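K.L.:
Provided below are the primary sequence and the corresponding predicted coordinates.
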Amino acid sequence: PVETEANEEPLGKRITNERKLKAKEEKKRAKIESARERASNPEARGTSLAELAKNPDEGVRRLVALNKRTPEKTLATLEEDASRLVRGAVKKRRSADKKIKKVADKVRKENLEAKEKTKASKEKEEAKILSRMEKAINPETPMGELRKLANDPNTDVRRNVALNRRSAKTILEKLSKDKK
């Protein structure tokens, strides 16, 4: 038999207890690591993140606060967290959200302005084409102007020149060879 002091456990029992304790700690560490991975997952569901926000590990709660998919209600709760690190993560996240929103608003505004500018430019060009089409069909348009319009890049303008009863034979011959 193994001799032990009165207060001391036998060596075999101590080793078994140490192994159990080590296994328990390893299991706890793995559980925390798994929770941290889920908390930092950009595809995580809001409900999962809300549940992870209750985790006793401040590292998990910090990652939940930084996750862009964390619901507002959960962020509001984490804003009151006992951990300064978690509250700081919420603040950082809110700051990033504001910056992203500001940039997104700026891009939206620029896109809208560009769209409006393109639309205005297109409308202006269409108005010019309509004006040339009206001149091309008008029997009062001088012959020199009809010659210029017979070379217009727009086929509708050239067609109206051909339809104008005052167009000269030479203009009509030229337009009859028009491939467009």
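P.N.:
Here it is on my side, so go on.

K.L.:
OK, contacts around the closest residue to residue 94 other than its chain neighbours?
P.N.:
Nearest residue to residue 94 in three dimensions, chain neighbours excluded: residue 75, at 7.5 Å (C-beta to C-beta, 6 or more residues apart in numbering). Quick note: C-beta positions are derived from backbone N, CA and C, even for glycine. Each residue near residue 75 by C-beta atoms under 8 Å, 6 or more residues apart in numbering is listed here: 65, 90, 93-94.

K.L.:
What of residue 73?
P.N.:
residue 50.

K.L.:
Quick one, grab the pLDDT at it.
P.N.:
pLDDT for residue 73: 96.

K.L.:
re the thing from before, and the residue nearest to residue 94, how far from residue 93?
P.N.:
Distance, residue 75 to residue 93, by C-beta to C-beta, to the nearest Å: 7 Å.

K.L.:
mind checking how far residue 126 is from residue 153?
P.N.:
14 Å.

K.L.:
let me redo that: residue 101
P.N.:
Counting by C-beta to C-beta, the gap from residue 101 to residue 153 is 45 Å.

K.L.:
Mind checking which of the contacts of residue 75 are buried?
P.N.:
65, 90, 93 (16 or more other C-beta atoms under 10 Å).

K.L.:
What about these, which are in helices?
P.N.:
Among the buried ones among the contacts of residue 75, the residues falling in helices (DSSP state H) are 65, 90, 93.
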